[in-house]
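Undergrad: Kindly return the folded structure for what I paste below:
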Amino acid sequence: MPEPIWPFPAAQEITEVLEWRTDVLQSQAGEQRIALRSRPREIVTLQHRLDALGMARAAELVRAGFAGEWRVPLWHMAVQPTGDVAQGATEIAVDTSVADFRAGDAVAVAVDGREASVAEIADIEADRLILAEPLATQLPGASVAAARITVAPVRSGIPSAPVEIVRRRQNDGMVTATFLLRDAPDLSAPVMPTYLGRPVQTDPSLTRSPITASLRRAVEYVDNGFGPVVVEPLRDLFERGEAITLKAQGAAESWALRCWLWSLRGRQTSFWLPTWGRELQLRAAMTSGSTLMRVSPVAELAGYVGRAILLEMPSGFRFRTINAAWADGADHRLTLSSSLGEPVAIGTRVHSLTRVRSDADRIEIRHGAVASEVTLPVVEVAE
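TA: Sure, this is the predicted structure:
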(Lines give C-alpha, C1' and ligand atoms only; values in the text may rest on other atoms or scores of the structure.)
Protein backbone atom coordinates (compact mmCIF):
# COMPACT_ATOMS: atom_id res chain seq x y z
CA MET A 1 0.00 0.00 0.00
CA PRO A 2 1.53 3.37 -1.01
CA GLU A 3 2.18 6.01 1.59
CA PRO A 4 -0.53 8.65 2.08
CA ILE A 5 0.06 12.03 0.48
CA TRP A 6 0.30 15.26 2.46
CA PRO A 7 -2.06 17.02 0.05
CA PHE A 8 -2.23 20.61 1.26
CA PRO A 9 -0.74 23.35 -0.94
CA ALA A 10 1.85 25.61 0.65
CA ALA A 11 0.62 29.12 1.34
CA GLN A 12 3.57 30.80 3.05
CA GLU A 13 7.36 30.72 3.02
CA ILE A 14 8.85 27.21 2.75
CA THR A 15 12.02 26.44 4.68
CA GLU A 16 14.44 23.87 3.26
CA VAL A 17 17.31 22.71 5.50
CA LEU A 18 20.38 20.79 4.31
CA GLU A 19 22.46 19.13 7.04
CA TRP A 20 25.91 17.59 6.57
CA ARG A 21 28.41 16.37 9.18
CA THR A 22 32.08 17.35 8.98
CA ASP A 23 34.92 16.90 11.43
CA VAL A 24 37.32 19.85 11.17
CA LEU A 25 40.73 19.02 12.66
CA GLN A 26 42.77 22.20 13.08
CA SER A 27 46.52 22.49 13.36
CA GLN A 28 48.85 25.45 13.73
CA ALA A 29 49.33 25.83 9.97
CA GLY A 30 46.08 24.50 8.47
CA GLU A 31 43.18 22.13 8.92
CA GLN A 32 41.89 18.76 7.77
CA ARG A 33 38.21 18.29 6.95
CA ILE A 34 36.72 14.79 7.22
CA ALA A 35 33.29 14.18 5.70
CA LEU A 36 31.06 12.02 7.89
CA ARG A 37 27.96 12.27 5.69
CA SER A 38 28.23 12.02 1.89
CA ARG A 39 24.71 13.33 1.27
CA PRO A 40 22.82 15.82 3.40
CA ARG A 41 19.71 15.26 5.39
CA GLU A 42 16.88 17.31 3.91
CA ILE A 43 14.23 18.84 6.13
CA VAL A 44 11.32 20.87 4.72
CA THR A 45 8.87 22.95 6.72
CA LEU A 46 5.56 23.70 4.98
CA GLN A 47 2.91 26.19 6.03
CA HIS A 48 -0.68 25.89 4.86
CA ARG A 49 -3.55 28.33 5.24
CA LEU A 50 -6.72 26.26 5.60
CA ASP A 51 -10.39 26.68 6.37
CA ALA A 52 -12.24 24.75 9.09
CA LEU A 53 -12.63 21.63 6.94
CA GLY A 54 -8.98 21.71 5.90
CA MET A 55 -7.77 22.03 9.50
CA ALA A 56 -10.02 19.15 10.52
CA ARG A 57 -8.65 16.99 7.67
CA ALA A 58 -5.07 17.83 8.62
CA ALA A 59 -5.71 16.90 12.24
CA GLU A 60 -7.27 13.55 11.30
CA LEU A 61 -4.49 12.70 8.83
CA VAL A 62 -1.86 13.37 11.49
CA ARG A 63 -3.79 11.39 14.12
CA ALA A 64 -3.99 8.37 11.82
CA GLY A 65 -0.48 8.32 10.44
CA PHE A 66 1.96 10.63 12.25
CA ALA A 67 4.51 7.86 12.90
CA GLY A 68 4.42 6.55 9.32
CA GLU A 69 5.89 7.66 6.02
CA TRP A 70 4.25 10.24 3.80
CA ARG A 71 4.40 11.31 0.20
CA VAL A 72 5.48 14.92 0.49
CA PRO A 73 5.07 17.32 -2.47
CA LEU A 74 8.10 19.58 -2.77
CA TRP A 75 6.21 22.81 -3.40
CA HIS A 76 9.44 24.85 -3.35
CA MET A 77 10.32 23.09 -6.64
CA ALA A 78 6.86 23.49 -8.17
CA VAL A 79 6.56 24.48 -11.84
CA GLN A 80 3.72 25.13 -14.27
CA PRO A 81 3.15 23.05 -17.40
CA THR A 82 4.03 24.66 -20.71
CA GLY A 83 0.78 23.46 -22.29
CA ASP A 84 -2.81 22.71 -21.33
CA VAL A 85 -3.51 19.30 -19.81
CA ALA A 86 -6.51 17.08 -20.63
CA GLN A 87 -8.03 14.04 -18.99
CA GLY A 88 -6.65 10.89 -20.55
CA ALA A 89 -3.26 12.49 -21.24
CA THR A 90 -0.19 10.38 -20.54
CA GLU A 91 2.26 13.29 -20.68
CA ILE A 92 2.68 16.63 -18.94
CA ALA A 93 4.77 19.20 -20.83
CA VAL A 94 7.08 20.76 -18.23
CA ASP A 95 10.74 21.73 -17.82
CA THR A 96 12.13 18.77 -15.88
CA SER A 97 15.64 20.20 -15.46
CA VAL A 98 14.75 22.61 -12.63
CA ALA A 99 13.28 20.18 -10.10
CA ASP A 100 13.94 16.76 -8.58
CA PHE A 101 11.61 14.71 -10.77
CA ARG A 102 12.46 10.99 -10.76
CA ALA A 103 11.30 8.13 -12.95
CA GLY A 104 9.39 5.58 -10.88
CA ASP A 105 8.33 8.16 -8.30
CA ALA A 106 5.24 10.33 -8.19
CA VAL A 107 4.37 13.87 -9.23
CA ALA A 108 1.88 16.06 -7.37
CA VAL A 109 -0.77 17.82 -9.44
CA ALA A 110 -2.73 20.73 -7.96
CA VAL A 111 -5.39 22.76 -9.76
CA ASP A 112 -6.36 26.29 -8.66
CA GLY A 113 -4.39 25.92 -5.44
CA ARG A 114 -6.57 23.12 -4.12
CA GLU A 115 -5.42 19.89 -2.52
CA ALA A 116 -2.98 17.88 -4.61
CA SER A 117 -3.35 14.43 -6.10
CA VAL A 118 -0.57 12.21 -7.40
CA ALA A 119 0.33 10.54 -10.67
CA GLU A 120 3.11 8.01 -11.20
CA ILE A 121 6.06 8.94 -13.44
CA ALA A 122 7.11 6.26 -15.91
CA ASP A 123 9.87 8.19 -17.67
CA ILE A 124 11.37 11.68 -17.85
CA GLU A 125 12.43 13.70 -20.87
CA ALA A 126 13.91 17.19 -20.94
CA ASP A 127 10.59 18.86 -21.72
CA ARG A 128 7.97 16.44 -20.40
CA LEU A 129 6.93 13.88 -17.83
CA ILE A 130 5.67 10.57 -19.20
CA LEU A 131 3.08 9.08 -16.87
CA ALA A 132 2.47 5.43 -16.02
CA GLU A 133 -1.31 5.84 -16.40
CA PRO A 134 -3.55 8.42 -18.11
CA LEU A 135 -4.70 11.37 -16.05
CA ALA A 136 -8.27 11.12 -14.79
CA THR A 137 -9.44 12.22 -11.35
CA GLN A 138 -6.36 14.44 -10.95
CA LEU A 139 -8.15 17.03 -13.14
CA PRO A 140 -11.56 18.56 -12.39
CA GLY A 141 -12.56 18.87 -16.06
CA ALA A 142 -11.95 17.46 -19.51
CA SER A 143 -9.25 20.06 -20.17
CA VAL A 144 -7.50 22.44 -17.79
CA ALA A 145 -5.45 25.49 -18.79
CA ALA A 146 -1.76 25.33 -17.94
CA ALA A 147 -1.95 28.53 -15.87
CA ARG A 148 -4.31 26.79 -13.42
CA ILE A 149 -2.05 23.79 -12.82
CA THR A 150 0.96 23.35 -10.56
CA VAL A 151 3.12 20.23 -10.58
CA ALA A 152 5.81 19.33 -8.07
CA PRO A 153 8.12 16.39 -7.35
CA VAL A 154 7.06 14.04 -4.58
CA ARG A 155 9.46 12.48 -2.08
CA SER A 156 8.96 10.08 0.76
CA GLY A 157 9.39 11.60 4.22
CA ILE A 158 8.59 11.26 7.90
CA PRO A 159 7.34 13.97 10.27
CA SER A 160 10.29 15.33 12.26
CA ALA A 161 8.38 17.79 14.47
CA PRO A 162 4.85 18.11 15.86
CA VAL A 163 2.28 19.40 13.40
CA GLU A 164 1.06 22.77 14.66
CA ILE A 165 -2.37 24.30 14.02
CA VAL A 166 -2.91 27.97 14.80
CA ARG A 167 -6.56 28.91 14.44
CA ARG A 168 -6.90 32.62 13.75
CA ARG A 169 -10.65 32.47 13.36
CA GLN A 170 -13.16 29.64 13.31
CA ASN A 171 -12.78 29.24 9.56
CA ASP A 172 -9.19 30.43 9.06
CA GLY A 173 -5.98 28.94 10.43
CA MET A 174 -2.36 28.03 9.73
CA VAL A 175 -1.02 24.47 9.71
CA THR A 176 2.75 23.94 9.93
CA ALA A 177 4.30 20.56 9.14
CA THR A 178 7.98 19.53 9.05
CA PHE A 179 9.25 16.45 7.22
CA LEU A 180 12.60 14.69 7.05
CA LEU A 181 12.92 13.51 3.45
CA ARG A 182 14.27 10.16 2.29
CA ASP A 183 16.66 9.40 -0.59
CA ALA A 184 18.60 12.64 -0.97
CA PRO A 185 19.80 13.18 -4.56
CA ASP A 186 23.43 13.50 -5.59
CA LEU A 187 23.40 16.80 -7.47
CA SER A 188 26.22 17.88 -9.76
CA ALA A 189 27.98 21.18 -9.19
CA PRO A 190 27.00 24.05 -11.50
CA VAL A 191 29.47 25.35 -14.07
CA MET A 192 31.43 28.23 -12.55
CA PRO A 193 34.70 30.01 -13.33
CA THR A 194 37.69 28.42 -11.62
CA TYR A 195 41.08 29.62 -10.44
CA LEU A 196 43.92 27.44 -9.19
CA GLY A 197 41.63 24.43 -9.09
CA ARG A 198 38.88 26.05 -7.04
CA PRO A 199 35.53 27.51 -8.21
CA VAL A 200 35.01 31.26 -7.92
CA GLN A 201 31.64 32.46 -6.64
CA THR A 202 30.88 35.43 -8.92
CA ASP A 203 27.08 35.23 -8.74
CA PRO A 204 25.71 38.77 -9.19
CA SER A 205 22.90 37.96 -6.75
CA LEU A 206 25.44 37.70 -3.94
CA THR A 207 24.85 40.51 -1.50
CA ARG A 208 26.17 41.66 1.82
CA SER A 209 23.37 43.30 3.69
CA PRO A 210 24.73 44.44 6.01
CA ILE A 211 28.45 43.76 5.78
CA THR A 212 29.21 41.39 8.64
CA ALA A 213 32.91 40.63 8.36
CA SER A 214 34.99 39.56 11.34
CA LEU A 215 38.79 39.62 11.37
CA ARG A 216 40.46 37.37 13.90
CA ARG A 217 43.35 35.07 14.74
CA ALA A 218 43.35 32.22 17.23
CA VAL A 219 45.25 33.45 20.30
CA GLU A 220 45.55 32.69 23.99
CA TYR A 221 45.59 35.44 26.61
CA VAL A 222 48.03 34.59 29.41
CA ASP A 223 47.36 36.43 32.66
CA ASN A 224 49.08 35.33 35.88
CA GLY A 225 47.39 38.11 37.82
CA PHE A 226 50.65 39.89 38.75
CA GLY A 227 51.88 41.43 35.51
CA PRO A 228 50.74 42.46 32.05
CA VAL A 229 48.51 40.24 29.94
CA VAL A 230 50.48 38.38 27.24
CA VAL A 231 48.96 37.36 23.91
CA GLU A 232 50.27 34.11 22.40
CA PRO A 233 49.18 33.08 18.87
CA LEU A 234 47.85 29.52 18.64
CA ARG A 235 47.74 29.29 14.83
CA ASP A 236 49.73 30.79 11.98
CA LEU A 237 46.62 31.58 9.96
CA PHE A 238 44.65 34.80 9.95
CA GLU A 239 40.91 34.10 9.83
CA ARG A 240 38.44 36.32 8.03
CA GLY A 241 34.80 35.42 8.54
CA GLU A 242 31.79 36.77 6.67
CA ALA A 243 28.11 36.12 6.23
CA ILE A 244 27.01 36.20 2.60
CA THR A 245 23.44 36.24 1.34
CA LEU A 246 22.44 34.83 -2.03
CA LYS A 247 19.08 35.26 -3.73
CA ALA A 248 17.58 33.40 -6.66
CA GLN A 249 14.44 34.23 -8.62
CA GLY A 250 12.60 31.63 -10.62
CA ALA A 251 12.82 27.86 -10.75
CA ALA A 252 16.02 27.74 -12.82
CA GLU A 253 17.99 30.09 -10.55
CA SER A 254 16.72 28.38 -7.40
CA TRP A 255 17.81 25.00 -8.77
CA ALA A 256 21.26 26.37 -9.64
CA LEU A 257 21.61 27.82 -6.13
CA ARG A 258 20.63 24.48 -4.60
CA CYS A 259 23.18 22.64 -6.77
CA TRP A 260 25.94 25.04 -5.70
CA LEU A 261 25.10 24.65 -2.01
CA TRP A 262 25.11 20.89 -2.55
CA SER A 263 28.58 21.08 -4.06
CA LEU A 264 29.94 22.71 -0.88
CA ARG A 265 28.97 19.62 1.17
CA GLY A 266 28.71 21.61 4.35
CA ARG A 267 32.15 22.61 5.64
CA GLN A 268 34.03 20.25 3.33
CA THR A 269 34.74 22.18 0.11
CA SER A 270 36.58 25.48 -0.30
CA PHE A 271 35.99 28.11 -3.00
CA TRP A 272 37.10 31.60 -3.94
CA LEU A 273 34.99 34.53 -2.82
CA PRO A 274 35.60 38.07 -4.12
CA THR A 275 35.31 40.80 -1.52
CA TRP A 276 33.88 43.24 -4.13
CA GLY A 277 35.59 45.90 -2.00
CA ARG A 278 37.85 47.54 -4.67
CA GLU A 279 40.82 47.19 -2.32
CA LEU A 280 43.38 47.98 -5.06
CA GLN A 281 43.05 51.41 -6.65
CA LEU A 282 45.07 51.68 -9.89
CA ARG A 283 47.31 54.74 -10.21
CA ALA A 284 48.23 54.10 -13.85
CA ALA A 285 46.84 52.17 -16.82
CA MET A 286 48.45 48.88 -17.88
CA THR A 287 49.30 47.66 -21.38
CA SER A 288 48.05 44.29 -22.59
CA GLY A 289 51.41 42.58 -22.06
CA SER A 290 52.36 44.20 -18.76
CA THR A 291 52.49 42.36 -15.44
CA LEU A 292 53.24 45.49 -13.38
CA MET A 293 50.37 47.14 -11.53
CA ARG A 294 50.75 50.50 -9.82
CA VAL A 295 48.33 51.01 -6.93
CA SER A 296 47.65 53.20 -3.93
CA PRO A 297 49.22 51.76 -0.76
CA VAL A 298 46.86 49.70 1.39
CA ALA A 299 49.17 47.13 3.05
CA GLU A 300 52.73 46.39 4.03
CA LEU A 301 54.77 45.27 1.03
CA ALA A 302 55.09 41.70 2.31
CA GLY A 303 51.33 41.56 2.83
CA TYR A 304 50.61 41.74 -0.90
CA VAL A 305 52.68 38.72 -1.89
CA GLY A 306 50.68 35.55 -2.53
CA ARG A 307 47.30 37.24 -2.53
CA ALA A 308 44.80 36.47 -5.29
CA ILE A 309 42.85 39.27 -6.96
CA LEU A 310 39.93 39.68 -9.36
CA LEU A 311 39.84 42.32 -12.11
CA GLU A 312 36.55 43.37 -13.68
CA MET A 313 37.58 43.59 -17.34
CA PRO A 314 35.25 44.53 -20.22
CA SER A 315 35.63 40.98 -21.56
CA GLY A 316 34.86 39.37 -18.19
CA PHE A 317 36.44 38.58 -14.85
CA ARG A 318 40.18 37.90 -14.70
CA PHE A 319 42.00 36.23 -11.80
CA ARG A 320 45.65 36.72 -10.94
CA THR A 321 48.09 36.28 -8.04
CA ILE A 322 50.50 38.96 -6.75
CA ASN A 323 54.06 37.59 -6.86
CA ALA A 324 56.07 40.61 -5.67
CA ALA A 325 55.65 44.17 -4.38
CA TRP A 326 57.89 47.17 -3.84
CA ALA A 327 57.58 50.88 -3.11
CA ASP A 328 57.68 53.40 -5.94
CA GLY A 329 57.54 56.85 -4.42
CA ALA A 330 54.15 57.33 -2.84
CA ASP A 331 52.74 54.30 -4.67
CA HIS A 332 53.21 50.55 -4.54
CA ARG A 333 54.13 48.46 -7.58
CA LEU A 334 52.88 44.88 -7.79
CA THR A 335 54.01 42.06 -10.07
CA LEU A 336 51.16 39.83 -11.28
CA SER A 337 51.46 36.12 -12.06
CA SER A 338 50.78 36.82 -15.77
CA SER A 339 49.61 39.59 -18.08
CA LEU A 340 45.95 40.21 -18.76
CA GLY A 341 46.19 39.98 -22.55
CA GLU A 342 44.33 43.27 -22.95
CA PRO A 343 44.82 46.86 -21.77
CA VAL A 344 43.74 47.67 -18.22
CA ALA A 345 42.18 51.11 -17.79
CA ILE A 346 42.97 53.21 -14.74
CA GLY A 347 39.38 52.97 -13.50
CA THR A 348 39.26 49.15 -13.58
CA ARG A 349 37.81 47.64 -10.42
CA VAL A 350 40.21 45.29 -8.63
CA HIS A 351 39.05 43.20 -5.69
CA SER A 352 40.73 40.77 -3.35
CA LEU A 353 39.96 37.06 -3.70
CA THR A 354 39.67 35.07 -0.51
CA ARG A 355 39.72 31.28 -0.32
CA VAL A 356 36.88 30.33 2.02
CA ARG A 357 34.65 27.44 3.04
CA SER A 358 31.25 27.30 4.66
CA ASP A 359 31.45 27.64 8.43
CA ALA A 360 28.25 25.64 8.97
CA ASP A 361 27.09 22.11 8.23
CA ARG A 362 23.47 23.24 8.48
CA ILE A 363 22.24 25.44 5.64
CA GLU A 364 18.74 26.92 5.62
CA ILE A 365 17.12 28.06 2.37
CA ARG A 366 14.03 30.26 2.61
CA HIS A 367 11.69 29.93 -0.36
CA GLY A 368 9.28 32.84 -0.70
CA ALA A 369 6.66 33.71 -3.29
CA VAL A 370 9.15 35.73 -5.38
CA ALA A 371 12.66 34.49 -4.55
CA SER A 372 14.72 31.97 -2.65
CA GLU A 373 17.31 33.24 -0.19
CA VAL A 374 20.10 31.73 1.89
CA THR A 375 22.54 33.29 4.33
CA LEU A 376 25.81 31.40 4.53
CA PRO A 377 28.61 31.99 7.06
CA VAL A 378 32.06 31.49 5.52
CA VAL A 379 35.57 31.50 6.96
CA GLU A 380 38.95 32.00 5.28
CA VAL A 381 41.09 28.87 4.87
CA ALA A 382 44.54 28.09 3.55
CA GLU A 383 43.43 25.40 1.09
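Undergrad: Least confident secondary structure element in this protein?
TA: Least confident helix or strand, the chain: strand 214-216 with a mean of 70, by mean pLDDT, DSSP states H and E.
Undergrad: For the residue of the chain most remote from its centre, give me its contacts.
TA: Most distant residue from the mean C-alpha position of the chain: residue 226, 51.0 Å away (C-alpha atoms, centre = their mean). Residues near residue 226 by C-beta atoms under 8 Å, 6 or more residues apart in numbering: none. To be clear about C-beta, it is placed using only N, CA and C from the backbone, and glycine gets the same treatment.
Undergrad: And it, how far from residue 24?
TA: 37 Å (C-beta to C-beta, to the nearest Å).
Undergrad: One more: residue 47?
TA: Per C-beta to C-beta, residue 47 is found 34 Å from residue 24.
Undergrad: just residue 383 next, same as before
TA: For residue 383, the distance to residue 24 (C-beta to C-beta) stands at 13 Å.
Undergrad: now do residue 336
TA: Distance from residue 336 to residue 24, by C-beta to C-beta: 33 Å.
Undergrad: Who has more neighbours out of these two?
TA: In this view residue 336 and residue 24 are compared by other C-beta atoms under 10 Å, and residue 336 has more residues nearby, 20 against 16.
Undergrad: just checking, the more buried one touches residue 324?
TA: No: contact criterion C-beta atoms under 8 Å: residue 336 and residue 324 do not qualify, at 9.3 Å.
Undergrad: burial count for the closest residue to residue 130 other than its chain neighbours?
TA: Leaving aside its chain neighbours, residue 130 sits nearest to residue 123 (4.2 Å; criterion: C-beta to C-beta, 6 or more residues apart in numbering). Neighbour count of residue 123, defined by other C-beta under 10 Å: 12.
Undergrad: what does residue 331 give?
TA: Neighbour count of residue 331, defined by other C-beta under 10 Å: 15.
Undergrad: Okay, and residue 62 sits in which element?
TA: Applying DSSP states H and E as the criterion places residue 62 in helix 52-65.
Undergrad: cool, and residue 259?
TA: Per DSSP H and E: residue 259 is located in helix 250-264.
Undergrad: This structure - how does it break down into domains?
TA: 14-181, 194-275+357-380, 292-348 (automatic domain parsing).
Undergrad: Including distance to residue 286, could those domains go into JSON lines?
TA: Output for the domains of the chain, formatted as JSON lines (distance: least, C-beta to C-beta, whole Å):
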{"stretch": "domain 14-181", "distance to residue 286": "34"}
{"stretch": "domain 194-275+357-380", "distance to residue 286": "19"}
{"stretch": "domain 292-348", "distance to residue 286": "4"}
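Undergrad: Could you say which one of these comes nearest to residue 282?
TA: Among these, domain 292-348 comes nearest to residue 282, with 5.1 Å by C-beta to C-beta.
Undergrad: Return the set of buried residues in the top strand by length along the chain.
TA: Determined from DSSP state E, the single longest strand within the chain is strand 316-328. Judged by neighbour count (16 or more other C-beta atoms under 10 Å), strand 316-328 contains these buried residues: 318, 319, 320, 321, 322, 325.
Undergrad: Just name the closest of the residues you listed to residue 267, please.
TA: Distance to residue 267, by C-beta to C-beta, is smallest for residue 319 among the buried residues of strand 316-328, at 23.9 Å.
Undergrad: Now do the strands in the stretch 251-383 of the chain.
TA: 270-274, 292-295, 308-313, 316-328, 331-336, 350-358, 362-367, 371-380 (DSSP state E, counting those that start in this stretch).
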